[in-house]
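> let's see this in three dimensions:
(one chain, ligands or ions: 2)
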Amino acid sequence: MVLKGDLQVVALAGGVGGAKLVYGLAKTLPPDRLTIIGNVGDDLTLYGLHISPDLDTVMYTLADVANPATGWGVAGDTQHMGDMLRRYGEMPWFMLGDKDLATHLLRSQWLAEGHTLTEVTRRLSQGLGVSQRLLPVTADPVSTMVDTVELGILAFQEYFVRHRWQPVVRRIWYAGIETAHISRAVAQAVEEADIIVFCPSNPMLSIEPILAVPGMRERLRARKGKCVAVSPFIGGQAVKGPAAKLMREQGIEPTPAYLAEYYGGLLDGLVIDQADRELAGQVTNLPVLVTQTLMMSSEDKVRLAGEVLDWVGRL
Ligand code: GDP
Ligand code: CA
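Ligands and ions are numbered 1, 2, ... in the order given. Predicted coordinates for the structure are as follows:
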């Protein structure tokens with residue numbers, strides 16, 4: 001597809017699901033037309049290091065160094081550091097590859113020197129040769145928290161990685177979000193965007209902690225461009241991870257109609273999977289594009305990105 005003029009595209013993305021569409025967009029658009037706004041609610045401090053798993057997944061994807069088997073981490077990475085931790089009697093539950101570790105070391109060092117997460121992410125991306133702009137939604141600390149039936153309150157990665165998202169979640173919140181600010185770069189990117197795409201990321205764990213940063217929803221509502229979301233649900237299930245389970249635990253059915261309602265006034269259109277074709281009619285407030293949203297191969301990612309951009313251009 002050919003994108004006319006100098007149209008600017010902004011993608012909101014969490015981790016693995018978001019990065020799949022980001023990959024397709026990056027292969028479709030010139031790098032200076034694509035900005036990714038990333039989630040920081042998953043960030044954690046481990047062994048004194050600041051780790052930003054969602055930003056890294058997107059950054060490694062854009063740098064073409066992502067591990068194809070997992071979708072996160074660096075391709076061909078080794079686990080010598082983890083082995084050494086075990087010799088000390090540690091039971092590492094959050095895998096940090098040896099190459100991956102360099103990212104966390106530098107991020108932590110640069111943050112300690114007083115640089116913002118926005119600046120640190122720019123320097124890391126630049127170092128890996130990424131020429132698209134990757135912006136954490138905020139440079140302020142935000143931590144996704146869950147209250148679970150079995151284990152009480154857990155920090156996000158404790159729930160997600162350590163307990164493999166098995167506990168039943170009663171409540172989700174984003175600690176620190178009330179006092180967080182969207183960065184100036186994020187505000188400007190949204191303002192200037194001709195097309196905004198919510199990638200098929202977890203609505204409650206990846207997209208909401210982006211939207212809930214004060215100022216973000218207002219900026220999106222004031223957009224000049226078109227905004228569409230790609231559903232992460234196929235046939236009422238998440239392709240991977242807890243998105244559908246988590247929503248059902250909150251009493252919500254993960255349907256296109258729910259997403260259209262939930263994202264409310266922010267969207268101009270919703271992209272859903274062909275498996276959900278018969279549910280499209282339940283979406284009464286938005287145009288719907290029904291297509292194959294399952295992205296298994298690189299070709300799937302590029303094709304979906306092209307279809308979404310083409311469709312937005314016709315809205
Ligand atoms: P995480 O931060 O690594 O959990 O990743 P995201 O929040 O960005 O993405 C998780 C979501 O991606 C899940 O809800 C999945 O259903 C969705 N997802 C993963 N792969 C695909 C895909 O190929 N197509 C669609 N439509 N959704 C996907
Ligand atoms: Ca994530």
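> only C-alpha atoms for contact and neighbour calcs from this point on.
OK.
> measure how buried Gly73 is and give me the count.
Neighbour count for Gly73, taken as other C-alpha atoms under 10 Å: 24.
> who touches it in this structure?
56-57, 60, 66-67, 96-97, 100 (C-alpha atoms under 8 Å, 6 or more residues apart in numbering).
> nearest residue to the closest residue to ligand 2 within the chain other than its sequence neighbours?
Closest residue of the chain to ligand 2, C-alpha to the ion: Gly15 (4.5 Å). Once flanking residues are discounted, Gly15 sits nearest to Asp54: 4.3 Å by C-alpha to C-alpha, 6 or more residues apart in numbering.
> how near is that neighbour to Gly89?
28 Å (C-alpha to C-alpha, to the nearest Å).
> do Arg277 as well
52 Å.
> coming back round to it: surely the residue of the chain closest to ligand 2 and Pro53 touch.
Yes. Using C-alpha atoms under 8 Å, Gly15 makes contact with Pro53 at a distance of 7.2 Å.
> okay, these two: which has more neighbours?
Gly15 (28 against 22).
> who's in contact with that one?
Going by C-alpha under 8 Å, 6+ apart, the list of residues near Gly15 reads 39, 53-55, 57-58, 72, 201, 206.
> contacts for the host helix or strand of the residue nearest to Gly15?
Using DSSP states H and E, Asp54 sits in helix 53-62. Taking contacts as C-alpha under 8 Å, 6+ apart, the residues outside helix 53-62 that touch it are 13-16, 18-19, 22-23, 26, 38-40, 42-43, 66, 71-74, 121, 125, 130, 132, 134, 136.
> out of those residues, which are inside strands?
Counted as lying in strands by DSSP state E, out of the contacts of helix 53-62, are 13, 38, 134, 136.
> of Arg277 and Gly89, which one has the most company?
Applying other C-alpha under 10 Å to Arg277 and Gly89 shows that Arg277 carries more neighbours, namely 15 against 9.
> the more buried one - nearest residue in space that isn't next to it in sequence?
Of all residues not flanking Arg277 in the chain, Val290 sits nearest, at 6.3 Å (C-alpha to C-alpha, 6+ apart).
> related to what we said a few turns ago, now pLDDT too, for the contacts of Gly15, in CSV please.
Formatted as CSV, the contacts of Gly15 follow (pLDDT from 0 to 100):
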residue, pLDDT
Asn39, 98
Pro53, 98
Asp54, 98
Leu55, 98
Thr57, 98
Val58, 98
Trp72, 92
Ser201, 98
Ser206, 98
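> which one of the residues you listed sits in the busiest neighbourhood?
Each of the contacts of Gly15 was scored for neighbours by other C-alpha under 10 Å, and Val58 scores highest at 29 neighbours.
> ok, which residues in the protein are in contact with ligand 2?
Counting by C-alpha under 5 Å from the ion, the positions of the chain adjacent to ligand 2 are 15, 54.
> please enumerate residues in contact with the longest helix anywhere in the chain?
For the chain, the longest helix by residue count, based on DSSP state H, is helix 298-314. In this structure, residues lying in contact with helix 298-314 by C-alpha under 8 Å, 6+ apart are 1, 20-21, 23-25, 27-28, 195, 226-228, 269, 271, 289, 292-295.
> secondary structure class for Leu85?
Assigned with DSSP: H, G, I helix; E, B strand; the rest coil, Leu85 falls in the helix class.
> quick one: contacts for the residue of the stretch 51-200 of the chain found nearest ligand 1?
For the stretch 51-200 of the chain and ligand 1, the shortest gap (C-alpha to the nearest ligand atom) falls at Pro200, measuring 4.8 Å. By C-alpha under 8 Å, 6+ apart, the residues touching Pro200 are 13, 17-18, 21, 229-233.
> grab the nearest non-local neighbour of it.
Setting aside the residues directly before and after it, Pro200 is nearest to Pro232 in space (C-alpha to C-alpha, 6+ apart), at 4.2 Å.
> measure that neighbour to ligand 1 for me?
4 Å (C-alpha to the nearest ligand atom, to the nearest Å).
> report the contact partners of that residue.
Pro232 touches 17, 199-202, 238-239, counting by C-alpha under 8 Å, 6+ apart.
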